[in-house]
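Chemist: structure for the following, please:
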Amino acid sequence: MKKKVKFQGREYIIEQLENGDIIVNKEKFSPSVSHGIGNLYKVTISNHHFTIEFKNQKIYVDGEEVSIQVKPHIPIVSRIMSQREHRTVKVEAPIPGKIVQILAKKGDKIAKDQELIILEAMKMRNRILATQSGEISEIKVKEGDMVKQDQILLIIE
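Modeler: Take a look at the predicted model:
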């Protein structure tokens, strides 16, 4: 799963791969992490060595307190052109979660930025909004469904 990380005022998109490698803003790294004493960790990334310490709910890198925020990465909805030369949008789940509420039905005319679905993930309710106005041509989920990241939820034409 991709995460949006704000570190020292700069934003990064980070994805952890199954083999332990990470991708930071499309660049791949193979970090090495070893546990030190207590809450101290030694990290090596591309011949750069540093220590990370977790103390009093704060994070220190090489002894200096750092500011970090981690949020789900919500990618831009993918778009395709249909045979009738108008835009069709596949609304996808930005993160895995549970469909709590569907606020539109097939055939509904919707406006840009209208709420379509409420997706619960990590105990938070996320509003899925329409990226364009149009008509709901298909709903591919129902309330209570568990969905994966990038799964198509509905289609707008």
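
Chemist: only C-alpha atoms from now on, for both contacts and neighbour counts.
Modeler: Fine.

Chemist: so which helix or strand of this structure has the lowest pLDDT on average?
Modeler: Here the helix or strand of the chain ranked lowest by mean pLDDT, DSSP states H and E is strand 79-81, holding a mean of 44.

Chemist: I'd like the next helix or strand past it.
Modeler: Using DSSP states H and E, the helix or strand that directly follows strand 79-81 along the chain is strand 87-92.

Chemist: and the contacts of the helix or strand just after that following strand?
Modeler: As assigned by DSSP H and E, the chain's next helix or strand after strand 87-92 is strand 97-102. Outside strand 97-102, the residues that touch it by Cα atoms under 8 Å, 6 or more residues apart in numbering are 116-122, 141-149.

Chemist: for strand 97-102, what is the average pLDDT?
Modeler: Strand 97-102 carries an average pLDDT of 94.

Chemist: ok, I59 - contacts?
Modeler: I59 sits in contact with I52, E53, E65, V66, S67, where contact means Cα under 8 Å, 6+ apart.

Chemist: pLDDT wise, what is the residue nearest to K109 when sequence neighbours are not counted at?
Modeler: Among residues not flanking K109 along the chain, E135 sits closest, at 4.4 Å (Cα to Cα, 6 or more residues apart in numbering). Predicted confidence (pLDDT) for E135: 93.

Chemist: how about the helix or strand hosting E135: buried residues?
Modeler: E135 is part of strand 134-139, with elements assigned from DSSP H and E. Going by neighbour count (16 or more other Cα atoms under 10 Å), the buried part of strand 134-139 is G134, E135, I136, S137, I139.
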